[in-house]
Every structure is written in structure tokens, then in C-alpha cells.
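In: pasting the sequence and the predicted model now:
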Amino acid sequence: MGIVKTKGLARSYVWWPNIYAGVEALCRSCETCASEADAPPRAPSNPWPYLPPWSRVHIDFLGLYKGKTYLVLIDSSSKWLEIIEVARTNATSIIKVLTSIFSSFGLPLELVSDQGLPFTSFELKSFLKTNGIQQRFSPAYHPASNGAVENAVKLCKRAIKKAYRDNVDIDTALQTFLLSYRNSKQSTTGESPAMLLQRRSLRSRLDLLRGGYVVQARVLDAQQRQVEYAGGVPRNFSLGDTVWIRYYGTRAKWVKGTVVQKEGSG
């Protein structure tokens, strides 16, 4: 019923000094009331402290989906994302994937996961300790505390669903998604994961379009400068016109001729 309503109900029947304080103390000491009470106001969020790129990575499984299971890893600072298909959700599979990823990007300082059995296994703990990586866990039944990888899992799942809907090969679709994602600016950082982690944009098919236009523009600009540098007065001729042609042989300097065909824009 709540403390306020209980106070009002009691006061409508009886009174004694400090009645409200007494009723409030009674209500707060009631274990049954506490176990059935509404959730308290949400506490302010306590985000993970910022670390340089590839210092803290978060991992989780994208559960069995259409017969496939994936391990998802995201760097908390650069937002670099990895998604690898695994045969089993055990410590051996996790260690194999992490070894491959770490061989490309180096060892992080921290690794965050939930408290599922594969992540709390002795094998994984030993692997991380051997490589000087601190293992940290998010609270049980509170996925929001590992929100970085939870959001990444949602993105990957969306890409997989789209691939199935469009009847596209899943592996190809995921690689295409990863390339686009890694080159896209993130709202949190204002930069792309590739730029933050590798200091460059990854070349994609979009660069073919941009590259062609850039080269074409440079050629046209150079041609225009050549025309301006050469100077002269443009002349237009028609078929059949009689013209004098500059001749650089041993004969006369100018030779008479007739226009029989037009080339170029002149």
C-alpha cells in the first residue's frame, strides 16, 4: 500500500506523538513489504572509464542462430568490431578466436564478459593471466553493464537476419557489414573504428567511385592549364575549307590544303 497511505490510514483511527515516524519505521522494517515493493528510482549510470583504443575489449556469444554460433568482440574505445563463427561455446573455442584476433591487434589490458560458464572457466582464466590481461565481469542478469557488446550483438544479428531475408551467403554478408561498419563514423567517438584503431580508412568499393572522379578532375584541370598556357586564338573550320598548314619539313613553311575531316573539339 505504501508508507504515505499507511500513515493516512493510521492517523484516521488513532494518534500518538510522532505517529508518522513510528508508522514509517514499521513499514521500512517490514521484509514482506520490501520484497514486493516497486523498483526504486534508477541510479545514475556509471560508465566504464575511458581507456586508449584496444585497452579494454568486451566479448559475448551471439547465440545459436540458424544453426550457427558466433563470438562477438568489440573494443570499448574505438568500437572496432569482430565477429567469428565458432563450433562450440567452450573455453577452447574462445581461446582460439582470441589468439587469432590478438595476433593482429595485440594484447588488450582488460577483457570484459558476463559470468557464463565458458567465460569463468579455469582454461580461459589461465590464458588471460598468462598474457597479462585482467578479466572483468559484468553483473549477472544485468546485460546493460556490458552494453557495448550487447549493442554489437544486436547489430550483427540484424546483419545476419538481413542476409537470410535477401538469400545472401551469411559469411559474405557479415564481411561486407564489418567493412562498412569499421569505416563508418560512430556517434560516440565522432570517428570511424578504422581511423581510431588503424589511423586510416579501409579501402572499399566506394573508393573506386571516388578515385575515378578524382583522377578525371585532375586530368581535366591539367588539360585546361595546358590550353591557357599555350595561349592563341581558337579557330573553327568546316569541311571543304581551304587552309594553309604549317610544315616543318625541308620544303616551304606553309602548305596549302583542304579540310576533309574534323577531329577533336576544334
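Out: Structure's in. What do you need?
In: please report how far I74 lies from E82.
Out: 8 Å (Cβ to Cβ, to the nearest Å). All C-beta atoms are positioned from the backbone trio N, CA, C, and that covers glycine.
In: look at the two and report which has more neighbours.
Out: Between I74 and E82, counted using other Cβ atoms under 10 Å, the more crowded position is I74 (26 against 22).
In: the more buried one against G147, yeah?
Out: No. Counting by Cβ atoms under 8 Å, I74 stays clear of G147, with 10.3 Å between them.
In: ranges for the helices of this structure?
Out: 3-11, 19-28, 31-35, 91-105, 122-130, 147-165, 170-183, 193-198, 206-230 (DSSP state H).
In: to Y70, which of those helices lies closest?
Out: helix 147-165 (6.7 Å; Cβ to Cβ).
In: tell me the buried residues in the closest one?
Out: For helix 147-165, burial by neighbour count (16 or more other Cβ atoms under 10 Å) applies to 147-150, 152-153, 155-157, 159-160, 163.
In: what does the pLDDT read for K5?
Out: On the pLDDT scale, K5 is placed at 59.
In: check the one 3 residues further on too.
Out: Among the per-residue scores, G8 shows a pLDDT of 69.
In: now do A252
Out: Reading off the model, A252 has pLDDT 64.
In: G240 too?
Out: Model confidence at G240, given as pLDDT, is 86.
In: could you report the neighbour count for it?
Out: Neighbour tally, G240, other Cβ under 10 Å: 8.
In: what do you get for S55?
Out: If we define neighbours as other Cβ under 10 Å, then S55 has 14 of them.
In: return the residues in contact with Q186.
Out: Residues counted as contacts of Q186 (Cβ atoms under 8 Å, 6 or more residues apart in numbering) are 79, 192-193.
In: out of the residues you listed, which comes closest to K7?
Out: Looking across the contacts of Q186 and measuring by Cβ to Cβ, the closest to K7 is K79, at 50.9 Å.
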